[in-house]
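Chemist: dropping a prediction and its sequence here:
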Amino acid sequence: MAIKLWAARLERPLTEAESERLTALLPESRRERLLRVKDPARWREPLCAYLLLRLALRETYGWEALPDIALSPGGKPCFPAHPDVYFNLSHTSGAVLVGLSGHPIGVDIERVRPMSPNALRRLAPDVEESAFFPCWVRREARAKLDGAHMDALLRAETPLRDGEFYYPLDTFPGYAAGAATDRPESPGPVSLYTLDELIREMVAGGDFQK
């Protein structure tokens, strides 16, 4: 399966009813994890990331529900019942990104924002502020490709390893995004949604009644 990508711009807060219905759509393990976050205002991005994943799986495989999600030995989320379906999620303030593939994939999206000099020196001492977020999403996506090099890549960027490929992605103004994979297979355009468009798609699918 070729790499497929979806992103949604969250231009408004979720209503209480939307939050409740989205929470009910999550697999039990994900729902329990989310409910440990005490501030409901912080639920929007992870809830919408899983809603977007649900839409991606429906479009690609015709699945009507999210399968159970577990962690691989490297600590990466996976579908134990579908080992040939690889996915990765990322969310940042106001946006979410989902990648699907028949091979390992890592994705990241970040809202571009000012960085303090101290943060730049600590996270990327050799990178200009204007290049920080493109550099950071590359590091995050590569770290999430298999989970095995997470600590090293987040401390400092290293050259691409043999068999590792990275592609910057066009999503929304004011955001940087990218995808890492183990195949020389450039992804196509990202399917872009607003929050209202995303919810309309799920309403049309019959499993999210407003």
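Modeler: Great, that's in hand. Numbers count the residues shown, from 1 in each chain.
Chemist: name the residues that touch stretch 131-143?
Modeler: Contacts with stretch 131-143, where a contact means Cβ atoms under 8 Å, 6 or more residues apart in numbering, come from 90, 106-110, 112, 115, 120, 123-124, 127, 149-150, 153-154, 157, 160, 164, 166, 168, 176-180. Glycine gets a C-beta too; all of them are placed from N, C-alpha and C.
Chemist: buried stuff in that stretch?
Modeler: Neighbour counts over stretch 131-143 (16 or more other Cβ atoms under 10 Å) mark F132, F133, C135, W136, V137, R138, R139, E140, A141, R142, A143 as buried.
Chemist: out of those residues, list just those in helices.
Modeler: Using DSSP state H, F132, F133, C135, W136, V137, R138, R139, E140, A141, R142, A143 are the members of the buried residues of stretch 131-143 that sit in helices.
Chemist: JSON lines for those, including distance to W43 and pLDDT?
Modeler: As requested, those are exported to JSON lines (distance: Cβ to Cβ, whole Å; pLDDT from 0 to 100):
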{"residue": "F132", "distance to W43": "28", "pLDDT": "92"}
{"residue": "F133", "distance to W43": "24", "pLDDT": "94"}
{"residue": "C135", "distance to W43": "29", "pLDDT": "91"}
{"residue": "W136", "distance to W43": "24", "pLDDT": "92"}
{"residue": "V137", "distance to W43": "23", "pLDDT": "95"}
{"residue": "R138", "distance to W43": "28", "pLDDT": "93"}
{"residue": "R139", "distance to W43": "27", "pLDDT": "90"}
{"residue": "E140", "distance to W43": "22", "pLDDT": "91"}
{"residue": "A141", "distance to W43": "24", "pLDDT": "94"}
{"residue": "R142", "distance to W43": "28", "pLDDT": "92"}
{"residue": "A143", "distance to W43": "25", "pLDDT": "89"}
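Chemist: just to revisit the earlier point, tell me the buried residues within the contacts of stretch 131-143.
Modeler: Buried among those by 16+ other Cβ under 10 Å: 90, 106-110, 112, 115, 123-124, 127, 149-150, 153, 157, 164, 166, 176-180.
Chemist: and the helices in this protein?
Modeler: Under DSSP H, the chain gives helices at 16-25, 28-35, 44-61, 117-123, 129-146, 150-155, 195-205.
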